[in-house]
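**Student:** Provide a 3D model corresponding to the input given below.
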Amino acid sequence: MRYEAAIFDLDGTLVDTKPDYRYTLVRMVLGSFGMDAKDEVIDLFWYGTHRNGIISSEFKLEPSDFWRIYQKYETPQLRSRYIQAYSDVGSLRELKGMGIPIGVVTSARRDIAELELALVGRELVDELVLTRAEEGSISKPNPHGLQVCMERLGTRDTPYVGNADEDIIMAKCEGIDSINIDRGEVALTQKPKMRIRSLDQLLHFYR
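**Tutor:** Alright, predicted model coming up:
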């Protein structure tokens, strides 16, 4: 097997965001409504594939109200205190040296995505697709973002490398291989095509 391109998720795949970030951010949002939540409920929201349903059922809030305040508190300044690139992102530079085009498909807001890509190496990423309505795309796990990225890269011969269930679902919906990078944070309910523990293992599929 030798792929022609590589497409990655961002947060939890290329960039390590410390757990305290999600607990701090979500509690800031909930605090504005006079509410709080346990860590495990915040984890469910953070990694879940139906976040609006979790907001309604667990936080007892209207999703539109929650997201309005969330956008206020989710800033690059806050996030920068909690993030770092994973030690194995050097594999992207090796892929680039092999002539492999690289894409990133993420649900992050543009300013957050650019902040994180700066840690990885913005020059290594040929195409960035943000699966957000304001960017003209559809949220994960809808495969629209993957479709756009593959069209821009000029190939469908690529896996999607991510860390969560929504990444696996999105790849399956589009009919491409899903590769789960196991960072030891997410308990999956979906089965990926392959699982790796380091991005270094990806290089095997491009030689």
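
**Student:** For residue 171, which non-adjacent residue is closest in space?
**Tutor:** The spatial neighbour of residue 171 that comes closest, neighbours along the chain excluded (Cβ to Cβ, 6 or more residues apart in numbering), is residue 178 at 3.6 Å. Every residue, glycine included, has its C-beta placed from N, CA and C.

**Student:** swap in residue 81?
**Tutor:** When the adjacent residues along the chain are set aside, residue 81 lies closest to residue 21, with 7.8 Å between them (Cβ to Cβ, 6+ apart).

**Student:** what is the mean pLDDT for the helix or strand where the one you found lies?
**Tutor:** Taking DSSP states H and E as the criterion, residue 21 maps to helix 19-31. Across helix 19-31, the average pLDDT comes to 96.

**Student:** Please verify my assumption that residue 156 contacts residue 146.
**Tutor:** No - with contact defined as Cβ atoms under 8 Å, residue 156 does not count as touching residue 146 (9.4 Å).

**Student:** Can you pull the residues that touch both of those two?
**Tutor:** By Cβ atoms under 8 Å, 6 or more residues apart in numbering, residue 156 and residue 146 have these common neighbours: residue 176.

**Student:** Just the strands from this protein, written as ranges.
**Tutor:** Listed in chain order, the strands of the chain (DSSP state E) span 6-8, 15-17, 83-85, 102-106, 127-130, 160-162, 178-181, 194-196.

**Student:** Distance of residue 157 relative to residue 100?
**Tutor:** 11 Å (Cβ to Cβ, to the nearest Å).

**Student:** Check residue 18 too.
**Tutor:** Counting by Cβ to Cβ, the gap from residue 18 to residue 100 is 30 Å.

**Student:** Of those two, which one has the most company?
**Tutor:** residue 100 (21 against 12; other Cβ atoms under 10 Å).

**Student:** okay, residue 156 and residue 146: which has more neighbours?
**Tutor:** The residue with more neighbours, out of residue 156 and residue 146, is residue 146; 26 against 14, by other Cβ under 10 Å.

**Student:** And the residue lying farthest from the centre of the chain, what's its pLDDT?
**Tutor:** Distance from the C-alpha centroid of the chain peaks at residue 34, with 29.3 Å (Cα atoms, centre = their mean). Residue 34 is assigned a predicted lDDT (pLDDT) of 96.

**Student:** just to revisit the earlier point, between the strands of the chain, which one is closest to residue 73.
**Tutor:** Among those, strand 15-17 comes nearest to residue 73, with 14.9 Å by Cβ to Cβ.
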